[in-house]
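Asker: sequence unknown, structure follows:
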């Protein structure tokens, strides 16, 4: 049996796409996956272009597998994802040993691209945008554990000045409502209890029904939660501009909806938010959070922050720190601004020293780490329903589960619990990973 190695960079959308690449090649070429590139017949890099370092790392990793290609001329090397979509033929020019280049919307064409490469001897590049065609061609998902991603839309139409997603994944296109529901029902039929709805901007979802109507994201969330096989429901990523009151109300009326929301804010300065073209103010963001906590008082909020956006002053940064203190985030993904080619922000004047940006980033991260620790400490002694996801990375005798507010808990348990829900009492633990003890068998 031929073997496939996939390395995934970036977001959960890419993780989902990598699973689909494996499904496609398993169905048409009978391939099985390996975690050792030296054993593979096909090596795929599913790339991310959000961060400059991530993009550079792709070419670094390509350089490392070049020797494998030299020793095995039949080895096929492919580059997919957002870097592929952005760079296209340039990848082949820079790394001529790459055989196929494909975008997020053309991963389902991998078998045809591979066949064309073998027949012609020439590299194949397809970075077109056939909207949601891929969902009609990928095989039915096969669940391997108790949680699964379901992609409900592709692309983004917000055109934030710092972001390449509209250029690499295209504009927002929603999957038909019935297609999403069928995929969820297929997964729950295989024993999946936890569903995460995925998209660059899920709450912009506008799915067409079979009778020609359109339903919004709040309708979809309510419908998915109503399916008897769904035990817990999550979604990511959201945009504050489209956190509708109907969606917020579901946190009060829908217990299956997890008490955790990732809601990127990026900055607490209205001036910087306007320069980013985010479409909301700090006050409007805080209003959304206030409404969410009225609906679900214990909801956990995580966010994204860009530090050192062009023109950011000390006052702008202090506005961000003020927002952090007023909102109280449980966790964050925070980075120093990285200009992406082709985006408006890449052309903006930026005269803030890197050392100043780094100091600001460290201060922000330290403050949110304090808040994260406070949330974990408050959970001590509570009993949490967790989905057992894996064997613990640090101790093979323990399991790792995820709470409804998205915290990882390590505890002693048997492998038979994998993929199931158990009750765990939280013990005093470390900052990022909690420890617990089993309270009740599945």
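Answerer: Structure received. Predicted, not measured: the structure shown is a model, and the values here were computed from it.
Asker: which residues of the stretch 251-400 of the chain fall in strands?
Answerer: Secondary structure of the stretch 251-400 of the chain (DSSP state E, counting those that start in this stretch): strands at 260-262, 300-307, 331-336, 383-391, 398-402.
Asker: need the contact list for residue 310.
Answerer: The contact partners of residue 310, taken as CB atoms under 8 Å, 6 or more residues apart in numbering, are 275, 337, 345, 348, 349, 350. No exception for glycine: its C-beta is placed from N, CA and C like everyone else's.
Asker: picking that back up, distance to residue 422 added to the strands of the stretch 251-400 of the chain, as JSON lines?
Answerer: Putting these into JSON lines (distance: least, CB to CB, whole Å) gives the following:
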{"stretch": "strand 260-262", "distance to residue 422": "19"}
{"stretch": "strand 300-307", "distance to residue 422": "20"}
{"stretch": "strand 331-336", "distance to residue 422": "23"}
{"stretch": "strand 383-391", "distance to residue 422": "6"}
{"stretch": "strand 398-402", "distance to residue 422": "7"}
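Asker: save those strands as TSV, and put in distance to residue 180, mean neighbour count and mean pLDDT too.
Answerer: What follows is the strands of the stretch 251-400 of the chain, written out as TSV (distance: least, CB to CB, whole Å; neighbours: other CB atoms under 10 Å; pLDDT from 0 to 100):
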stretch	distance to residue 180	mean neighbour count	mean pLDDT
strand 260-262	20	23	97
strand 300-307	24	22	97
strand 331-336	26	18	94
strand 383-391	21	19	93
strand 398-402	23	22	94
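Asker: out of these, the one nearest residue 41 is which?
Answerer: strand 383-391 (27.2 Å; CB to CB).
Asker: partners of that closest one in the sheet?
Answerer: strand 398-402 (antiparallel), strand 421-427 (antiparallel) (DSSP bridges).
Asker: quick one, the very next helix or strand once past the longest one and strand 398-402 angle?
Answerer: Following strand 421-427 in sequence order, the next helix or strand is strand 434-440 (DSSP states H and E). Relative orientation of strand 434-440 versus strand 398-402 (axes from the mean of the first three to the mean of the last three CA atoms, to 10 degrees): 100 degrees.
Asker: how about the helices in the chain?
Answerer: Listed in chain order, the helices of the chain (DSSP state H) span 12-29, 52-71, 81-87, 89-94, 110-120, 165-168, 177-189, 217-226, 245-253, 270-276, 282-295, 314-327, 354-379.
Asker: between those, which one is closest to residue 38.
Answerer: helix 52-71 (6.1 Å).
Asker: now that closest one: average pLDDT?
Answerer: Helix 52-71 shows a mean pLDDT of 86.
Asker: and that helix, what does it pack onto?
Answerer: strand 42-47, strand 76-80 (3 or more CB pairs under 8 Å, 6 or more residues apart in numbering; DSSP states H and E).
Asker: contacts made by the longest one with the rest, please.
Answerer: If you take CB under 8 Å, 6+ apart as the criterion, strand 42-47 is touched by 2-10, 14, 17-18, 21, 25, 31, 37, 54-55, 58, 61-62, 65, 68, 75-84, 114.
Asker: how about 6 Å then?
Answerer: The contact list for strand 42-47 (CB atoms under 6 Å, 6 or more residues apart in numbering) reads 4-9, 14, 18, 37, 58, 65, 76-84.
Asker: just the buried residues from the contacts of residue 310, in PyMOL please.
Answerer: Restricted to buried positions by 16 or more other CB atoms under 10 Å, the PyMOL selection for these reads:
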select buried, resi 275+337+345+350
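Asker: and of the contacts of residue 310, the nearest to residue 400?
Answerer: Comparing the contacts of residue 310 against residue 400 with CB to CB picks out residue 337 as the nearest, at 33.4 Å.
Asker: does that closest one touch residue 309 like I think?
Answerer: Yes: the pair residue 337 and residue 309 qualifies as a contact (CB atoms under 6 Å) at a distance of 4.8 Å.
Asker: coming back round to it: nearest to residue 411, out of the strands paired with strand 383-391?
Answerer: Closest to residue 411 of the strands paired with strand 383-391, according to CB to CB: strand 421-427, at 5.3 Å.
Asker: show me which residues of that closest one are buried.
Answerer: Residues of strand 421-427 classed as buried: 421, 422, 424, 425, 426 (neighbour count, 16+ other CB under 10 Å).
Asker: again, but for stretch 41-56
Answerer: The neighbour-count check on stretch 41-56 (16+ other CB under 10 Å) flags 41, 42, 43, 44, 45, 46, 47, 48, 49, 50, 54, 55 as buried.
Asker: just put these in a markdown table and tack on distance to residue 402.
Answerer: Below are the buried residues of stretch 41-56 laid out as a markdown table (distance: CB to CB, whole Å):
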| residue | distance to residue 402 |
| --- | --- |
| 41 | 34 |
| 42 | 32 |
| 43 | 30 |
| 44 | 27 |
| 45 | 28 |
| 46 | 23 |
| 47 | 27 |
| 48 | 23 |
| 49 | 28 |
| 50 | 24 |
| 54 | 25 |
| 55 | 30 |
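Asker: quick check: which of those residues has the minimum pLDDT.
Answerer: Ranked by pLDDT, the buried residues of stretch 41-56 bottom out at residue 54, which has 67.
Asker: what's the most distant pair in the buried residues of stretch 41-56?
Answerer: The span of those, defined through CB to CB, is set by 41 and 50 at 29.9 Å.
Asker: now residue 178: how far from residue 211?
Answerer: With distances taken as CB to CB, to the nearest Å, residue 178 is found 10 Å from residue 211.
Asker: what's the spacing between residue 397 and residue 152?
Answerer: Taking CB to CB, one finds residue 397 at 38 Å from residue 152.
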